[in-house]
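>>> need a 3D model of the following:
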Amino acid sequence: MSAGDVLSVLMFVSFIVLIFTGFPVAWVLGGLAVIFTAIGIIARVDFNLPVFVNWDYSTLVADRIWDVMNNWVLVALPMFVFMGLMLDRSGIAQRLMTNFARLFGGVRGGMAVTVALIGILLAASTGIIGASVVLLALLGLPQMQALGYKPELAAGTVCAVGTLGILIPPSIMLVLMADRLAMPVGDLFLGALFPGLLLGSLFVCFILGYAWLVPEVAPVPANRQPVNRAVLADLGSAILPPALLIFAVLGSIFFGVATPTEAAGVGAFGATVLAWMNRQLDGEVFAQVLAETTRTTAYIFAIFIGATAYSLVLRGLGGDELIASLLKGLPFGPTGIVVAILFFTFLLGFFLDWIEISLIILPLVGPVVIELGFNIVWFTVLFAVCLQTSFLTPPVGFAIFYLKGVAPAGMTVGTIYRGVVPFILLQVLGLTLVFLIPEIVTWLPAQAYGSQ
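Here you go, the predicted structure:
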């Protein structure tokens, strides 16, 4: 290995180790960039080693960070965050819970199905994992407990469907991925739509099948109410406002009426209007949503800046060439290389957040996948599905800890871990289906934009 390769490996290993110290990720990334820039300069100047990092790198990093912060596409991030947080406080989810529960009240496992369907709708309108998991837990867990549901099924359902928001568009993860790979956000939104709905369908089918095979895990309520036109009408009136908002945001992107950034503004305004129509909007709520949006956006952009500096220095040390040569040297063929990347990403998801993996790993492996001749939209959506699983896998499964923070007394972390296991397996099944049938991803973008 060359000196640059050794420094690249040390830089990556240092990042993995420092993550476990609890130090802020943005500072870890930025600090390592500074330290290894200095080491690279010393290696180049004092020891005449072939390392690309030089004194000009400080200017290059600053210029690249400015380009990131000046990127018009990324304006969509705070808008989508605002939209999700405002919808979380709009009261829409409560109405949906009441009406879906009336519709599926007579079905075994119906309350869990209700939570799953609301989670899918929230995923297409919020995209904020923490907000979705907490809201579904507060609304659904007490009702499932009152009906005698097995705690593992209740906890697993809430955690799994709460993570769909990171995949089903509009998704802030897809916006970041599109920026990192210089891809159209609309292609990724279209490509991720069917895989997200596929995962949601797998969750619902599992709940119904499990409840049918093992009736005691999801008892049918004794006071079942008949489904009539009034129930259907109430459900329709509850679904219509969020459905129209979803169509306004995604439809304007898909049909070329608006850019993702403009559509994000429409979504933020529409969510505010819905909260006002439901009489949930006042000065205090508006101030809370603005403050939460600012904190979330600042957190993401701080990591963005750190990751930009880290990635540039890693490439200056030859890290991208090292990764490319290692991947191409695998004795698996092109398909096997993609499988290896996904498997490695799945393992990283046990320890790292999706933001770090998207900003650091994806730009390194993306060019290799393109060079191997694969559709980059298909691969990026595969990568996104794989990262979604990271919210459920221990020890850093964020959805698990979001749920534990609001779970009723007596629901332990062990119970939640056991509950998410079948849903992790379902996500692996969904990932496998998308891998084997690329048309699940590529068909919709091809129809809309003529992408291949």
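>>> ok, which stretches of the stretch 51-200 of the chain are helices?
With DSSP state H, counting those that start in this stretch as the criterion, the stretch 51-200 of the chain has helices at 57-69, 76-88, 92-104, 110-123, 129-146, 151-162, 172-180, 185-213.
>>> possible to save those as a markdown table with mean pLDDT?
Formatted as a markdown table, the helices of the stretch 51-200 of the chain follow (pLDDT from 0 to 100):
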| stretch | mean pLDDT |
| --- | --- |
| helix 57-69 | 65 |
| helix 76-88 | 82 |
| helix 92-104 | 79 |
| helix 110-123 | 86 |
| helix 129-146 | 81 |
| helix 151-162 | 91 |
| helix 172-180 | 85 |
| helix 185-213 | 92 |
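>>> of those helices, which is nearest G319?
The closest of the helices of the stretch 51-200 of the chain to G319 is helix 57-69. By Cβ to Cβ, the value is 13.7 Å. All C-beta atoms are positioned from the backbone trio N, CA, C, and that covers glycine.
>>> where does pLDDT dip in the stretch 351-452 of the chain?
Applying pLDDT under 70 to the stretch 351-452 of the chain flags the ranges 395-396, 449-452.
>>> ok, 80 please
351-356, 394-398, 401, 405-406, 408-410, 448-452 (pLDDT under 80).
>>> what about the helices in it?
354-356, 362-371, 376-388, 398-406, 413-436, 439-449.
>>> turn the helices of the stretch 51-200 of the chain into TSV, columns for mean neighbour count and distance to V338.
As requested, the helices of the stretch 51-200 of the chain are exported to TSV (neighbours: other Cβ atoms under 10 Å; distance: least, Cβ to Cβ, whole Å):
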stretch	mean neighbour count	distance to V338
helix 57-69	14	28
helix 76-88	26	28
helix 92-104	20	37
helix 110-123	26	26
helix 129-146	21	26
helix 151-162	28	25
helix 172-180	24	16
helix 185-213	21	16
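>>> next, format the ones you listed as a markdown table and append distance to G22.
Output for the helices of the stretch 51-200 of the chain, formatted as a markdown table (distance: least, Cβ to Cβ, whole Å):
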| stretch | distance to G22 |
| --- | --- |
| helix 57-69 | 25 |
| helix 76-88 | 24 |
| helix 92-104 | 33 |
| helix 110-123 | 30 |
| helix 129-146 | 19 |
| helix 151-162 | 23 |
| helix 172-180 | 23 |
| helix 185-213 | 32 |
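>>> those: which one's closest to T308?
Short answer: helix 57-69, nearest of the helices of the stretch 51-200 of the chain by Cβ to Cβ, at 5.3 Å.
>>> so which of the helices of the stretch 51-200 of the chain is nearest K328?
Nearest to K328, of all those, is helix 172-180, at 20.9 Å by Cβ to Cβ.
>>> the helices of the stretch 51-200 of the chain: which one's closest to F391?
helix 129-146 (6.1 Å).
>>> give me the contact list for that closest one.
84-85, 88, 93-94, 97, 101, 111-112, 114-115, 118-119, 122-123, 126, 151, 153-155, 157-159, 161-166, 391, 398-399, 402-403, 405-408, 411 (Cβ atoms under 8 Å, 6 or more residues apart in numbering).
>>> one more: stretch 243-256?
With contact meaning Cβ under 8 Å, 6+ apart, stretch 243-256 is reached by 83, 87, 121, 124-125, 169-170, 185-186, 189-190, 193, 257-260, 262-264, 266-267, 270-271, 274, 448.
>>> and stretch 149-156, by the same measure?
111-112, 140-141, 144-145, 207, 210, 216-219, 403, 407, 410-411, 415-416, 418-423.
>>> one more pass at 7 Å, please.
111-112, 141, 144-145, 210, 217-218, 403, 411, 415-416, 418-420, 422-423 (Cβ atoms under 7 Å, 6 or more residues apart in numbering).
>>> same thing with stretch 351-369?
Against stretch 351-369 from outside (Cβ under 7 Å, 6+ apart): 19, 25, 166, 173, 176-177, 180-181, 300, 303-304, 307, 310-311, 320, 323-324, 327-328, 338, 341, 345, 348-349, 376, 379, 383, 387, 390, 396.
>>> burial measure for G256, as a count.
Residues contacting G256 under the criterion other Cβ atoms under 10 Å number 10.
>>> secondary structure class for it?
coil (DSSP: H, G, I helix; E, B strand; the rest coil).
>>> please tell me how far it sits from T296.
For G256, the distance to T296 equals 29 Å [Cβ to Cβ, to the nearest Å].
>>> what of G373?
Relative to T296, G373 is positioned 38 Å away (Cβ to Cβ).
>>> same check on L153?
For L153, the distance to T296 equals 31 Å [Cβ to Cβ].
>>> and if you look at G316?
In terms of Cβ to Cβ, G316 sits 31 Å off from T296.
>>> count of neighbours near F255?
F255 sits with 10 neighbouring residues when counted by other Cβ under 10 Å.
>>> correction: the previous question concerned E321.
16.
>>> can you say which helix or strand has it in it?
Assigned by DSSP states H and E, E321 belongs to helix 319-328.
>>> quick check: closest non-adjacent residue to I118.
Nearest residue to I118 in three dimensions, chain neighbours excluded: L96, at 5.0 Å (Cβ to Cβ, 6 or more residues apart in numbering).
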